[in-house]
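Engineer: Sequence first, then the predicted structure:
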Amino acid sequence: MIEKSPYNSLKEWRESDISAYYKAVNMGWVGELCKRFGWKYTYKSRIRWTKKLVIESASQFPNRTQWSKGCQSSYQAARNNGWLDEASVHMEFDENRKPYGYWNKKNVFRDAKKHKSYVKWKTTSYVPYQIAKDNDWLDECTAHMIDDLPKPKGYWDIKENVINSTKPYKLKSKWSDGCKTAYNKAISYGWMDEICEIKKWKTYRKHVKWTLDLLLDTIGDSTNIKEWQTNLDKLGYSGNQAIKMSKKIGGKEACLKIINKNKTLKKQYQDADILNKINESIEKYKTYKDWVKENKKLHNFTIKEAMVVEVKRKFKKLGHNLIEGGIRRAKQTKKREYPHGYWTKKDNVLAAAKFSYNYKAFTINFNAAYQIARKRNWLDEIKELYK
């Protein structure tokens, strides 16, 4: 919604209240105000700093420092065109302002030593920075500083630039906090060991350039990411760094495939051991009831894998009884395990098929589901699950 304003255009507002207009320009609010009040905002609407406008702008400030901070664009225009003295006739002497000729090489260096950051020195002490720049003293003045200016693309891919970034730092941890991009590039390109030797820093972990082959070699017998991480730490690598690099390289999927393979193999070996234990334990007991009482874990495993019927058959083959007094069926009616009409839904039948160890186990343990699947021609789809 367009709001009402006492001014009909941007030009009218600028002519009536120029100080508010300057503030809006410096803060970047002009475009937003034009949308709000429905004014036209074109390139011509921006300030063209004529001598008259510069003097009007300067008249609102008591000294030059406040003028340079309050309306930097008009101050810069006055400085470039030589209007500073004329525009600042009304201004009082600023106590904080240094006298003419104060900023010689010695005082510029003294001011630069107070700052550790290149950007902070440039913003807080603009005058000594500009004088250092004009007289080619910047390299000497900023030798102790952190060069935190934005770098061009590919700057940190050069080895010399990464090594030079360590000069202001005495500790490796401070370097990693102060210049993260250079630190990460040193790890990814495998330059960290060389840098540690130059700077005489202690290294507790191996620093290598991570490739897909190297990542796959470090997996070993790991069955999940936590195990892989601990395995990397044992080998002397940084586990977190390796996992991050696997994402960057695009090899995380390949690593997860091998981890899942290890997981399935481990499960197969565990299942084989349990099956051997089941076969050995069956011979020790005369009845199936006694075996269930004393081997609850093995019994639960047979239920999960739908092997209950196979175990009972083994008891029969060995000549043992399933219960004391021979094999007999209970006359009492069993309670329904599943509600009426449960197996008429195809999803429930398929879920039972997936739960079963094989097709034969499905037909025996879930006979009701098997009969409905046979009537409704779902058996072909079920058989495909076991291929």
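Structural biologist: Received, thanks. Residues are numbered from 1 along each chain as shown.
Engineer: So what's the residue count around residue 383?
Structural biologist: Residue 383 sits with 12 neighbouring residues when counted by other C-beta atoms under 10 Å. For the C-beta atoms, the positions are set from N, CA and C on the backbone; glycine is no exception.
Engineer: got the CA coordinates for the helix or strand that contains it in CSV?
Structural biologist: Residue 383 is located in helix 379-384, with elements delineated by DSSP states H and E. Listed in CSV are the C-alpha atoms of helix 379-384, where the atom choice follows Å, rounded to 0.1, in the frame of the first residue of the first chain:
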residue,chain,number,x,y,z
LEU,A,379,2.0,-64.9,-5.2
ASP,A,380,4.1,-63.8,-8.2
GLU,A,381,4.7,-60.5,-6.6
ILE,A,382,5.6,-62.2,-3.3
LYS,A,383,8.0,-64.6,-5.0
GLU,A,384,9.9,-61.7,-6.5
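Engineer: Please compute how far that helix lies from its chain's middle.
Structural biologist: Averaged C-alpha coordinates place helix 379-384 at 44 Å from its chain's average position (C-alpha atoms, centre = their mean, to the nearest Å).
Engineer: please begin residue numbering at 54 from this point
Structural biologist: Right, with 54 as the first residue, what we last looked at is helix 432-437.
Engineer: Next, find the distance separating the residue nearest to residue 359 when sequence neighbours are not counted from residue 355.
Structural biologist: In this structure, residue 359 finds its nearest non-sequential neighbour in residue 414, 4.1 Å apart by C-beta to C-beta, 6 or more residues apart in numbering. As judged by C-beta to C-beta, to the nearest Å, residue 414 and residue 355 stand 10 Å apart.
Engineer: With residue 159 instead?
Structural biologist: Shown here: residue 159 relative to residue 355, a distance of 90 Å by C-beta to C-beta.
Engineer: more crowded one of the two?
Structural biologist: Neighbours were counted for residue 159 and for residue 355 using other C-beta under 10 Å; residue 355 has more, 20 against 8.
Engineer: and that one, what element?
Structural biologist: When elements are defined using DSSP H and E, residue 355 is found to belong to helix 349-357.
Engineer: Go through that helix and flag the buried ones.
Structural biologist: Judged by neighbour count using 16 or more other C-beta atoms under 10 Å, the buried positions of helix 349-357 are 351-352, 354-355.
Engineer: I'd like to know which of the residues you listed is nearest to residue 341.
Structural biologist: Each of those was checked against residue 341 using C-beta to C-beta; the closest is residue 352, at 9.6 Å.
Engineer: backbone phi and psi for the nearest residue to residue 419 once chain neighbours are set aside, please?
Structural biologist: The spatially closest residue to residue 419, leaving aside those adjacent along the chain, is residue 405, at 4.5 Å (C-beta to C-beta, 6+ apart). Listed backbone geometry of residue 405 is phi -70, psi -40, with angles given as degrees, to the nearest 10.
Engineer: any idea how far residue 405 is from residue 334?
Structural biologist: When distances are taken as C-beta to C-beta, residue 405 and residue 334 turn out to be 28 Å apart.
Engineer: more neighbours, those two?
Structural biologist: Ranked by neighbour count (other C-beta under 10 Å), residue 405 and residue 334 place residue 405 first, with 21 against 14.
Engineer: Check the gap between that one and residue 399 for me.
Structural biologist: Using C-beta to C-beta, residue 405 is found at 11 Å from residue 399.
Engineer: Equivalent analysis for residue 235, please.
Structural biologist: 60 Å.
Engineer: Compare the two (neighbour count), which wins?
Structural biologist: Using other C-beta under 10 Å as the criterion, residue 235 and residue 399 rank with residue 235 on top: 22 against 13.
Engineer: close enough to count as contact, that one and residue 221?
Structural biologist: No - judged on C-beta atoms under 8 Å, residue 235 makes no contact with residue 221 at a distance of 11.6 Å.
Engineer: quick one: pLDDT of residue 367?
Structural biologist: pLDDT for residue 367: 74.
Engineer: swap in residue 146?
Structural biologist: 60.
Engineer: Then the one 10 residues further on?
Structural biologist: Per-residue pLDDT puts residue 156 at 84.
Engineer: how about it, phi and psi?
Structural biologist: Recorded main-chain torsions at residue 156 are phi -80, psi 70, according to degrees, to the nearest 10.
Engineer: and the gap between it and residue 118?
Structural biologist: Using C-beta to C-beta, residue 156 is found at 14 Å from residue 118.
Engineer: Check residue 73 too.
Structural biologist: Using C-beta to C-beta, we find residue 73 at a distance of 22 Å from residue 118.
Engineer: Residue 172 too?
Structural biologist: In terms of C-beta to C-beta, residue 172 sits 20 Å off from residue 118.
Engineer: Repeat that for residue 145.
Structural biologist: With the distance defined as C-beta to C-beta, residue 145 ends up 11 Å from residue 118.
Engineer: Which residue of the two possesses the greater neighbour count?
Structural biologist: Under the neighbour definition other C-beta under 10 Å, residue 145 and residue 118 were set side by side, and residue 118 has more, 16 against 9.
Engineer: Next, show the common contact partners of residue 235 and residue 221.
Structural biologist: Common contacts of residue 235 and residue 221, defined by C-beta atoms under 8 Å, 6 or more residues apart in numbering, are absent altogether.
Engineer: Tell me which residue is most central in this structure.
Structural biologist: Here the mean C-alpha position of the chain is nearest to the C-alpha of residue 297 (C-alpha atoms, centre = their mean), at a distance of 8.6 Å.
Engineer: so where does it fall, helix or strand?
Structural biologist: With DSSP H and E as the criterion, the answer for residue 297 is helix 292-302.
Engineer: Okay then, goodbye and thanks.
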